[in-house]
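Colleague: build me a model:
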Amino acid sequence: MRAEVVDAVVIGAGQAGLSAAHHLQRLGVGPFVVLDANRAPGGAWQHRWDSLTMHDVHGVADLPGMPLGDVDQRARANVVVPAYFEAYERRFGLPVVRPARVRGVVPVDGSAEGLLRVETTAGAWLTRAVVNATGTWETPFRPYYPGIETFRGRQLHTADYAGPDDLAGPRVVVVGGGASAVQILGELAPVARTTWVTRRQPVWRSGPFTEDAGRRAVALVEERVARGLAPQSVVSVTGLLLRPQEARAAELGAYDRRPMFERIEPDGVRWADGSFEPADAIIWATGFRPTVGHLAPLRLRSEHGGIRLRAPYDTHTFTTSTADPRIHFVGYGPSASTIGANRAGRAAARAVVDQLAAHRREEVRTA
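Modeller: A predicted model of the protein is given here:
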């Protein structure tokens, strides 16, 4: 298959990918291409549950050069944000190819300096720089517990959750200690009998999250990716906050957490002390893992299981792989938030410019 040669390939057209594409365009990188596995604009936002409103998502960070503006806070996030992303792509004429699912990224000649071949369902591209912005939505994490295969009720992951109407009435066990679990419990508790289960005692905060606290939280995640450890989300170190729309669930005791059960039985879950909770459904609000399987041929993972990154320039935005500096990450680890993704998009684009300039200087030197 004949491959098109481009200066850079961006994988993913969500918040992080569009931000990176905008900055690549602004800095004069070209030609480049943005590959999106989805059939329509919107990234992971188009797949979120219908009951998630713009009020629920704490606001969406503006993409560079085109603010979202005022929106109806009662509107569905899975409608508003995809429409915003689509308008953004059109306004800046971003070169998005969809649907194009990346199957693999492989070195053409086996070296760490040569071209990379990006194989997709829509063709192949050759490039010297890849900006990986695939996020996590397509890699939901579902832990295994003894007896899980025997459960006769429904088992859903956050990625499968459609809203409270789908589960009104049944007895529901919600597993997970993050913001998604809190939001889902807030919706379900008024219409279903819920039980909240987490591995660790949740950490709550009562006041606003300050800028200094945010920097400290990001620094903890940056330290992990600098060491090559599997990243934790920024949210995991910021603590949980109940919003006004979750007050009714709190009154009903939805946030009286229980420790993890020992096993799953056909009609519910059982704890080590022998206590049993009947259940019609289990929701695994257990998070996601980075979607990076297509990069496996490059062997980027460290001995600790994560991808070690470094910060280009004199910044604290960790985007460039230390194992292969041709690969840049946005929306990974410390940039796995809407604001962080925008910053990482800018840093990654600048790193690509420097990488390409260094290659061209080397070509002139050896000519």
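Colleague: what segments of the stretch 201-350 of the chain are helices?
Modeller: Remark: helices assigned in the stretch 201-350 of the chain by DSSP state H, counting those that start in this stretch are 211-226, 247-251, 338-366.
Colleague: rebuild these as JSON lines, extending it with distance to Leu309.
Modeller: C-beta here means a position set from N, CA and C on the backbone, and glycine is covered the same way. Below are those laid out as JSON lines (distance: least, C-beta to C-beta, whole Å):
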{"stretch": "helix 211-226", "distance to Leu309": "5"}
{"stretch": "helix 247-251", "distance to Leu309": "38"}
{"stretch": "helix 338-366", "distance to Leu309": "10"}
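Colleague: from what I can see Phe329 touches Ala348, true?
Modeller: Yes - counting by C-beta atoms under 8 Å, Phe329 touches Ala348, with 7.3 Å between them.
Colleague: list phi and psi for Pro82.
Modeller: As for Pro82, its main-chain torsions (degrees, to the nearest 10) stand at phi -60, psi -40.
Colleague: neighbours of Ala37, just the number please.
Modeller: Residues lying near Ala37 (other C-beta atoms under 10 Å) number 20.
Colleague: make that Leu309, sorry
Modeller: Neighbour count for Leu309, taken as other C-beta under 10 Å: 29.
Colleague: which residues does it bridge with?
Modeller: When assigned by DSSP bridges, Leu309 has beta-bridge partners Ser321.
Colleague: coming back round to it: kindly compare burial across the helices of the stretch 201-350 of the chain and name the winner.
Modeller: Highest mean neighbour count of the helices of the stretch 201-350 of the chain: helix 338-366, a mean of 18 (counted as mean count of other C-beta atoms under 10 Å).
Colleague: any idea how far His23 is from Val353?
Modeller: Look at Val353 and His23: by C-beta to C-beta, to the nearest Å, they are 9 Å apart.
Colleague: could you do Ala124 as well?
Modeller: According to C-beta to C-beta, Ala124 and His23 sit 25 Å apart.
Colleague: among those two, which residue is more densely surrounded?
Modeller: More neighbours surround His23 than the other of Ala124 and His23, with 24 against 14 (other C-beta under 10 Å).
Colleague: so that one sits against Arg350, correct?
Modeller: Yes - counting by C-beta under 8 Å, His23 does reach Arg350; the two are 7.4 Å apart.
Colleague: low-scoring pLDDT stretches of this structure, where are they?
Modeller: Low-confidence segments of the chain (pLDDT under 70): 1, 59, 111-112, 206-222, 226, 229, 232-238, 313-315, 367.
Colleague: what's the domain layout of this structure?
Modeller: 4-138+288-366, 148-204+240-284 (automatic domain parsing).
Colleague: so what sits opposite the nearest residue to Arg154 once chain neighbours are set aside in the bridge?
Modeller: Nearest residue to Arg154 in three dimensions, chain neighbours excluded: Ala281, at 4.3 Å (C-beta to C-beta, 6 or more residues apart in numbering). Applying DSSP bridges to Ala281 gives these bridge partners: Arg154, Val172.
Colleague: you'd agree Ala281 is up against Ala168?
Modeller: No - if you go by C-beta under 8 Å, Ala281 and Ala168 don't touch, sitting 11.0 Å apart.
Colleague: quick one: closest of the helices of the stretch 201-350 of the chain to Thr317.
Modeller: Closest to Thr317 of the helices of the stretch 201-350 of the chain, according to C-beta to C-beta: helix 338-366, at 4.0 Å.
Colleague: pull the contacting residues for Asp165.
Modeller: The contact partners of Asp165, by C-beta atoms under 8 Å, 6 or more residues apart in numbering, come to Ser51, Val191.
Colleague: hmm, back to that, need the winner for burial among the domains of the chain.
Modeller: Stretch with highest mean neighbour count among these: domain 4-138+288-366 (a mean of 19; mean count of other C-beta under 10 Å).
Colleague: any idea how far apart the tips of it sit?
Modeller: By C-alpha to C-alpha, to the nearest Å, the extent of domain 4-138+288-366 from end to end equals 25 Å.
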